[in-house]
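# What would the 3D arrangement of this be:
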Amino acid sequence: MFIATLIAPGTLAGGDISAARDRLAAAGCAPGETMWLDDGYAADLRFDAAPDAARIALEGAVAATDIVVQPALGRAKKLLIADMDSTMITVECIDELADYAGIKPQIAEITERAMRGELEFEAALDARVSLLAGLDDAVIEQCLRERVAIMPGAVALVRTMAARGALTILVSGGFTRFAEPVAAAIGFDRAIANRLLVENGALNGKVAKPIVGSATKLDTLLAARTERGLADSETLAVGDGANDLAMIERAGLGVAYHAKPIVAAAAAARVDHGDLTALLYAQGIKRAEWVTG
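Residues are numbered from 1 along each chain as shown. Next up, the predicted model:
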């Protein structure tokens with residue numbers, strides 16, 4: 001048995017569910033029971049066969065609606081591994097630091113290419129950090145205070161999963177000076193990120209090695225899975241950039257969140273329209289069960 005979850009920001013209608021059900025039937029997926037999770041926001045359509053065909057059939061079936069297709073068994077996850085920049089927060093921290101240094105366009109262009117998979121992440125990070133040499137260390141706290149905003153739905157996602165017994169880990173190719181306070185504010189159990197090196201009160205243009213990149217994110221997923229004695233199917237990974245792809249492909253539910261094309265094309269699930277609470281609906285968790293405080 002499989003489930004297709006339709007998720008929309010208060011605009012989902014009964015006719016939309018009927019149209020999706022018709023598409024499933026036409027694709028040979030043998031649709032069964034349908035059930036609202038929250039009226040207007042999310043609904044489940046159960047079906048018996050051909051999940052790959054279902055994904056294709058439902059792609060673009062309902063305007064401004066995210067659709068997650070997965071096995072019904074084990075949809076509630078026990079491990080969350082999440083990216084930070086442009087996933088759990090709304091900005092890329094290194095680009096914002098660069099703005100204080102007056103070189104945001106130069107660094108943002110490298111960031112964009114790295115996240116699209118056009119540049120090797122570790123080399124691109126070294127190149128960007130080197131351009132920040134001499135930036136006053138105090139700017140980091142200023143940037144955190146003035147520029148960093150939590151992504152809508154992040155707190156509900158993390159705290160709800162934690163309350164249900166899941167392990168939650170933030171793994172960022174960004175920097176500990178941002179990741180640690182962000183993780184604490186959202187409610188993550190752990191945070192892993194890169195460490196900027198400082199000399200005489202200023203960034204020295206270097207980052208501690210080894211760099212936290214794609215391999216670290218995947219290794220963190222695998223190690224945490226083993227630590228908790230979980231199957232791959234019990235894990236959830238979410239991110240937006242090319243350095244998130246390995247963990248997204250390995251997780252039981254790998255989600256491309258408002259992601260770069262290379263990630264969106266490879267991920268089993270995408271959230272293009274909604275916020276991070278879509279990942280709660282994907283697990284069958286209704287709004288009344290969310291933890292937000």
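# Can you show me the helices along the stretch 1-150 of the chain?
Assigned by DSSP state H, counting those that start in this stretch, the helices in the stretch 1-150 of the chain fall at 14-26, 51-58, 93-100, 104-115, 121-130, 138-147.
# Give me the buried positions along the second one.
When neighbours are counted by 16 or more other C-beta atoms under 10 Å, the buried residues of helix 51-58 are found to be Pro51, Ala53, Ala54, Arg55, Ala57, Leu58. Any C-beta I mention is one placed from the backbone N, CA and C, and that applies to glycine too.
# Ok, the last one next?
Neighbour-count burial for helix 138-147, with 16+ other C-beta under 10 Å as criterion, is recorded at Val139, Ile140, Cys143, Leu144, Arg147.
# wait, the fourth one sits on Pro181?
Yes - in this structure, Leu144 is within contact of Pro181 by C-beta atoms under 8 Å, at 6.3 Å.
# ok, and what's touching the lengthiest helix in the chain?
Longest helix in the chain by number of residues (criterion: DSSP state H): helix 214-228. By C-beta atoms under 8 Å, 6 or more residues apart in numbering, the residues outside helix 214-228 that reach it are 78-79, 81, 83, 121, 167, 169, 171, 173, 192, 210, 230-232, 234-235, 237, 239, 242-247, 250-251.
# re earlier: Val155: which of the buried residues of helix 138-147 is nearest?
Distances from Val155 to the buried residues of helix 138-147, taken as C-beta to C-beta, are shortest for Leu144 (17.0 Å).
# tell me the contacts of the closest one?
Counting by C-beta under 8 Å, 6+ apart, Leu144 touches Arg177, Phe178, Pro181.
# Equivalent analysis for Ile211, please.
Here Ile211 is in contact with Phe121, Glu122, Leu125, Asp126, Gly173, Asn194 (C-beta under 8 Å, 6+ apart).
# Need the max-distance pair from these.
The largest separation in the contacts of Ile211, counting by C-beta to C-beta, is between Asp126 and Gly173 at 11.9 Å.
# what about the two, which has more around it?
Neighbours were counted for Asp126 and for Gly173 using other C-beta atoms under 10 Å; Gly173 has more, 29 against 15.
# give the contact list for the more buried one.
Contact analysis of Gly173 by C-beta under 8 Å, 6+ apart lists Asp83, Asp85, Phe121, Leu125, Ala193, Asn194, Ile211, Val212, Gly213, Lys217, Gly241, Asn243.
# Kindly indicate the member of the contacts of Leu144 with the most neighbours.
Counting neighbours by other C-beta under 10 Å, Phe178 comes out on top of the contacts of Leu144 with 27 neighbours.
# what helix or strand does it sit in?
helix 176-186 (DSSP states H and E).
# Pull out the buried residues from that helix.
Going by neighbour count (16+ other C-beta under 10 Å), the buried part of helix 176-186 is Thr176, Arg177, Phe178, Ala179, Glu180, Val182, Ala183, Ile186.
# can I get these in a markdown table with distance to Asp38?
Compiled in a markdown table, those are given as follows (distance: C-beta to C-beta, whole Å):
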| residue | distance to Asp38 |
| --- | --- |
| Thr176 | 37 |
| Arg177 | 37 |
| Phe178 | 33 |
| Ala179 | 31 |
| Glu180 | 33 |
| Val182 | 28 |
| Ala183 | 28 |
| Ile186 | 22 |
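# Make TSV from the residues you listed and add pLDDT to it.
Output for those, formatted as TSV (pLDDT from 0 to 100):
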residue	pLDDT
Thr176	98
Arg177	98
Phe178	98
Ala179	98
Glu180	98
Val182	98
Ala183	98
Ile186	98
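# what's the closest non-adjacent residue to Thr277?
Among residues not flanking Thr277 along the chain, Gly153 sits closest, at 4.0 Å (C-beta to C-beta, 6 or more residues apart in numbering).
# give the contact list for the one you found.
Gly274, Asp275, Leu276, Thr277, Ala278, Leu279, Leu280.
# Alright, calling it a day.
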